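Novice: The amino acid sequence is not available; the structure is as follows:
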């Protein structure tokens, strides 16, 4: 197609890589070519040169396209595109924009999130507060009463005893806990 035959506001069949689609030329592009609006999905497209334009659409073909067109969610057109004969011949239609305001409800109340401690951290906290050696049953009972730690297990004191013994065995002098007697644990004294 010759560049002298191309005018703004007219509708053309344009080729974009492997796809052909009807477009309406809206304005000249400062980089060269034109900015057009796709009549199939409503988005703006760039026509680089006249070789992309394959032919002019007549009014009957435009009415067929306009009847089957639904706008894309990104197009900014509120209702399905309807083209009148006056719009297709001389004047390009002004693009319609939609402003969407998202109103998020305020939270009913701000929740206070309590950070639950691990079993060993809860034991360290209980032993640091009491400052005496305790059995694992006493540690678990105090930790659950003060809500440092909760569980549904049937024998949490046995789990705590195994965890304390493992830390003392694996870390040695770097362990946070020491064995203070038969079945009792205390915090390691640091200088």
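Specialist: Perfect, thanks for sending it. Nothing here was measured: the structure is a model prediction, and the numbers come from that model.
Novice: Not including adjacent chain positions, what is the nearest residue to residue 57?
Specialist: Excluding the flanking residues, the one nearest residue 57 by C-beta to C-beta, 6 or more residues apart in numbering is residue 11, at 4.2 Å. Where you see a C-beta, it was placed from the backbone N, CA and C, and this is true even at glycine.
Novice: Contacts for the biggest helix by length in the chain, please.
Specialist: The helix that spans the most residues within the chain, counting by DSSP state H, is helix 156-171. With contacts defined as C-beta atoms under 8 Å, 6 or more residues apart in numbering, helix 156-171 is touched by 119-120, 123, 135-137, 139-140, 153, 175-179, 183, 185.
Novice: In contact with residue 122, which residues?
Specialist: Contact partners of residue 122, counting by C-beta under 8 Å, 6+ apart, are 139, 143, 148, 149.
Novice: buried stuff in the one helix or strand it maps to?
Specialist: Assigned by DSSP states H and E, residue 122 belongs to helix 119-130. Neighbour counts over helix 119-130 (16 or more other C-beta atoms under 10 Å) mark 119, 120, 122, 123, 124, 125, 126, 127 as buried.
Novice: residue contacts, the fourth one?
Specialist: Contact partners of residue 123, counting by C-beta under 8 Å, 6+ apart, are 139, 143, 160, 164, 177, 185.
Novice: And residue 164, how far from residue 22?
Specialist: 76 Å (C-beta to C-beta, to the nearest Å).
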